[in-house]
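structure, please.
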Amino acid sequence: PAPMAGEPSPIAVGTNPKSVAIAPNGQFAIVSNVNAHTLSRIDVATGTVTATISTGSGSFPKGVAISGDSSSAAVALAGGGVGILNTATNVLTKYNPATPYAPGGVFSGAPKSVVYVGSELFVGNASVPYLTYFTPPENTGKRDLTGIGGSCDLASVPTQGSSFIVTSENTNVINYVYSWNYAIYAINVGSNPCGVAVAPSGAFAYVANMGSNNVSRIDLATRTVTATTAVGTSPTAVAFSPDGALAYVTNMASNTVSRIDTARNTVTATLSVGASPTDIAVVPDGSFAYVTNYSDNTVTRLNLTPAAPMITSLTPGNGTASAAFTAPAANGSEAVSNYQYSTDNGATWTARTPAATTSPLVIPGLANGTAYQVKLRAVNAAGAGAASNVAVVTPRTTPGAPTIVAVTGGVRSASAAFNPPASHGGAA
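Below is the predicted model of the structure:
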């Protein structure tokens, strides 16, 4: 697959970026750099690294999660322990057996994944058959949940109370855990399952199976696999669009991202990224995603929806306006399929009917003599893109007919008395 036109340059981070999480408030992202022993904080609005935070020598940071209020970020430290980052101050506190915060020395092995489930933090361990969960920062209520194989990834199921999913890449099963009673349900999937994500609806999850190069769809009500979709080589992570209509899967050995239509469980696009993509996170408005490229030490900003078009002229008509425009510099993850227009400076939007992608776009149903603030935006399979510049237009036509009320004769002249037209056509 060819690189997408107009994509921003990759963002340089630390050595071997493994995981990325985007804050629910949409303001920042946190990236773990395994062999740099650091976290990179990225400003989502500008795409720049605003802070590099040390996790300590020999810490090997891996899985990252951000709390629901965006106030803290957790990172699994494969060298031992877990770190909690205060996102207001960028101060990292480490919880491990060598500190007073150690909950009984439970972080033995190699912590690999983390997830917030309500106020509790669950820590998955790649090398021991249990999870640890506790409430940071006070470290209260620490417990161990046994019966779980070595975990690769964790995902919460917010619509099911405190439920979550654990992938165990060496067992070819995932475990669906009801944490209100700690019941564990094993579900057979493909080979070496690792990445997992739950759809925003909470109705289903996708699991990336690294060994079988496919994705399993899990119905969370029946706890069964309902579809299997082939993707690229060594799929590692999954993320959903905000409406759950699309899923994005990183393929580590293919250097690509597969986009899946979740209604059909079909790959509809394959997108080029950097070398050895390991994780992906979609911003809250669905316009782009961040992808960690493990082997080239970068993060790709992958545009999903189109960039902004440009209105070049706006011509008034009789109850209409004709907007000439230039197409977006970047289409996003797929070709532009239609445009939307706004006549109230972006407050509301209407789809062009019938769908078309050519200029000009004629806007019907306007009132002559009323000024409209017009914007356009392009639409592709991932959704609506960025809005264009605003242009102002006042539709108009020729005046209506005046009415003669009297004619008075004169010497070689006539004087016509009249009432002005009922409509001036929208212009004086």
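
so what's the backbone phi/psi at Pro158?
phi -60, psi -20 (degrees, to the nearest 10).

in which helix or strand does the closest residue to it other than its chain neighbours reside?
Here the nearest residue to Pro158 in space, its sequence neighbours aside, is Gly202; by Cβ to Cβ, 6 or more residues apart in numbering that works out to 6.3 Å. For every residue, glycine as well, the C-beta is placed using N, CA and C. Element membership for Gly202 (DSSP states H and E) is empty, with no helix or strand holding it.

quick one: residues contacting Gly202.
Val157, Pro158, Thr159, Gln160, Leu220 (Cβ atoms under 8 Å, 6 or more residues apart in numbering).

Leu131 against Val166, yeah?
Yes: under the criterion of Cβ atoms under 8 Å, Leu131 lies in contact with Val166, with a separation of 6.9 Å.

ranges for the strands of the stretch 51-200 of the chain?
With strands called from DSSP state E, counting those that start in this stretch, the stretch 51-200 of the chain shows them at 61-66, 72-77, 82-86, 91-95, 111-117, 120-125, 130-135, 140-146, 153-157, 163-168, 173-178, 183-188, 193-198.

report the beta-bridge partner residues of the nearest residue to Val173 once chain neighbours are set aside.
If you skip the residues right next to it in sequence, Val173 has Ala186 as its closest partner in space, 4.8 Å away by Cβ to Cβ, 6+ apart. According to DSSP bridges, Asn175 are recorded as the beta-bridge partners of Ala186.

likewise for Val157?
Ser163.

change the start of the numbering to 55 and stick with it
Shifting the count to begin at 55 puts that one at Val211.

mind checking how far it is from Thr143?
In this structure, Val211 and Thr143 are 31 Å apart, going by Cβ to Cβ, to the nearest Å.

these two: which has the busier surroundings?
Each of Val211 and Thr143 had its neighbours counted (other Cβ atoms under 10 Å), and the higher figure belongs to Val211 (21 against 7).

these two touch, right, the more buried one and Val220?
No: taking Cβ under 8 Å as the contact criterion, Val211 and Val220 are not neighbours in contact, 11.4 Å apart.

next, count neighbours for the residue nearest to Val227.
Using other Cβ under 10 Å, Ala240 has 15 other residues around it.

just put the strands of the stretch 105-254 of the chain in a markdown table and tack on mean pLDDT and distance to Pro78.
Below are these laid out as a markdown table (pLDDT from 0 to 100; distance: least, Cβ to Cβ, whole Å):
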| stretch | mean pLDDT | distance to Pro78 |
| --- | --- | --- |
| strand 115-120 | 95 | 7 |
| strand 126-131 | 93 | 11 |
| strand 136-140 | 91 | 15 |
| strand 145-149 | 87 | 20 |
| strand 165-171 | 86 | 10 |
| strand 174-179 | 81 | 15 |
| strand 184-189 | 69 | 19 |
| strand 194-200 | 58 | 23 |
| strand 207-211 | 87 | 12 |
| strand 217-222 | 83 | 17 |
| strand 227-232 | 83 | 23 |
| strand 237-242 | 87 | 28 |
| strand 247-252 | 94 | 15 |
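
in JSON lines: the ones you listed, plus distance to Thr366.
Shown next, in JSON lines, are those (distance: least, Cβ to Cβ, whole Å):
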{"stretch": "strand 115-120", "distance to Thr366": "41"}
{"stretch": "strand 126-131", "distance to Thr366": "44"}
{"stretch": "strand 136-140", "distance to Thr366": "46"}
{"stretch": "strand 145-149", "distance to Thr366": "50"}
{"stretch": "strand 165-171", "distance to Thr366": "47"}
{"stretch": "strand 174-179", "distance to Thr366": "52"}
{"stretch": "strand 184-189", "distance to Thr366": "56"}
{"stretch": "strand 194-200", "distance to Thr366": "60"}
{"stretch": "strand 207-211", "distance to Thr366": "46"}
{"stretch": "strand 217-222", "distance to Thr366": "50"}
{"stretch": "strand 227-232", "distance to Thr366": "52"}
{"stretch": "strand 237-242", "distance to Thr366": "54"}
{"stretch": "strand 247-252", "distance to Thr366": "41"}
